[in-house]
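A.B. asks: sequence and predicted structure, then a few things I'm wondering about:
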Amino acid sequence: MKLLVINGPNLNMLGVREPGIYGNRSLEDLEAELRACCTARGVRVEFFQSNHEGAIIDRIQEAFGSFDGIIINPAAYTHTSIAIPDALKAVGIPAVEVHLSDVFSREPFRRVSYTSPACIATITGKHFQGYLEAVDILLEHIGSRS
Ligand code: DQA
């Protein structure tokens with residue numbers, strides 16, 4: 001079992017970026033928590049972060065045939081990109097969309113997600129915990145299919 005965790009633009013600035021919204025912990029902290037969570041479950045995990053839409057699409061396409069599940073926080077591309085959900089649908093790998101903040105209680109433009117129809121679940125406003133819950137949602141989903 002192998003999961004790919006994708007973080008979109010500006011999430012490399014976690015810990016520095018708007019800490020009142022996104023918290024004080026870094027992307028490295030998040031990846032360490034996820035690695036520990038996956039190791040405890042006997043799951044392999046890889047991480048990818050990019051500020052570029054095309055690079056995210058390339059990584060999703062490269063995952064075809066080698067990953068069982070994707071956890072994705074497309075960040076601002078959530079609200080603008082049609083190509084990212086198209087890529088998720090193209091590869092057919094089950095994906096969970098995660099947002100650190102509660103996008104539904106922020107500006108109106110954040111309430112629109114083009115990504116969520118391409119995902120089996122969307123988790124918002126639970127900070128790092130949302131990513132950890134996404135691992136279990138994917139394991140349950142993948143387990144129930146095999
Ligand atoms: C975010 C929410 C987005 O609206 C924002 O553009 C981000 C981060 C989140 O994790 O809460 O960059 O995806």
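C.D. replies: Structure's in. What do you need? These numbers come from a predicted model, not from an experiment. Numbering: from 1, shown residues only.
A.B. asks: which parts of this structure are strands?
C.D. replies: For the chain, applying DSSP state E gives strands covering 2-7, 44-49, 69-73, 95-99, 121-124.
A.B. asks: how about the first one: buried residues?
C.D. replies: Residues of strand 2-7 classed as buried by neighbour count (16 or more other C-beta atoms under 10 Å): 3-7. Where C-beta positions appear, they are placed from N, C-alpha and C, glycine not excepted.
A.B. asks: out of the strands of the chain, nearest to Gly143?
C.D. replies: Set against Gly143 and scored by C-beta to C-beta, the strands of the chain come closest in strand 69-73, at 10.7 Å.
A.B. asks: the closest one close to the ligand?
C.D. replies: Yes. Under the criterion of C-beta under 6 Å from any ligand atom, strand 69-73 makes contact with the ligand via Asn73.
A.B. asks: residues of this protein that sit close to the ligand?
C.D. replies: Contact residues, the chain versus the ligand (C-beta under 6 Å from any ligand atom): 10, 73, 75-76, 78, 99-101, 103, 110.
A.B. asks: for the buried residues of strand 2-7, which one is nearest Thr39?
C.D. replies: Distance to Thr39, by C-beta to C-beta, is smallest for Leu3 among the buried residues of strand 2-7, at 11.6 Å.
A.B. asks: counting contacts, what elements does the longest helix seen in the chain pack onto?
C.D. replies: For the chain, the helix with the greatest residue count under DSSP state H is helix 128-145. Under the contact criterion of 3 or more C-beta pairs under 8 Å, 6 or more residues apart in numbering; DSSP states H and E, helix 128-145 touches strand 2-7, helix 27-40, strand 69-73, strand 95-99, strand 121-124.
A.B. asks: residues in contact with it?
C.D. replies: Outside helix 128-145, the residues that touch it by C-beta atoms under 8 Å, 6 or more residues apart in numbering are 1, 3, 5, 23, 25, 29-30, 33-34, 37-38, 41, 43, 68-69, 71, 73, 94, 96, 98-100, 120-121, 123-124, 126.
A.B. asks: quick one, which of the residues of the chain next to the ligand are buried?
C.D. replies: 73, 75, 78, 99-101, 103, 110.
A.B. asks: tabulate the residues you listed (a markdown table), appending distance to Ala134.
C.D. replies: Converted to a markdown table, these look like this (distance: C-beta to C-beta, whole Å):
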| residue | distance to Ala134 |
| --- | --- |
| Asn73 | 9 |
| Ala75 | 15 |
| Thr78 | 15 |
| His99 | 11 |
| Leu100 | 12 |
| Ser101 | 15 |
| Val103 | 15 |
| Arg110 | 19 |
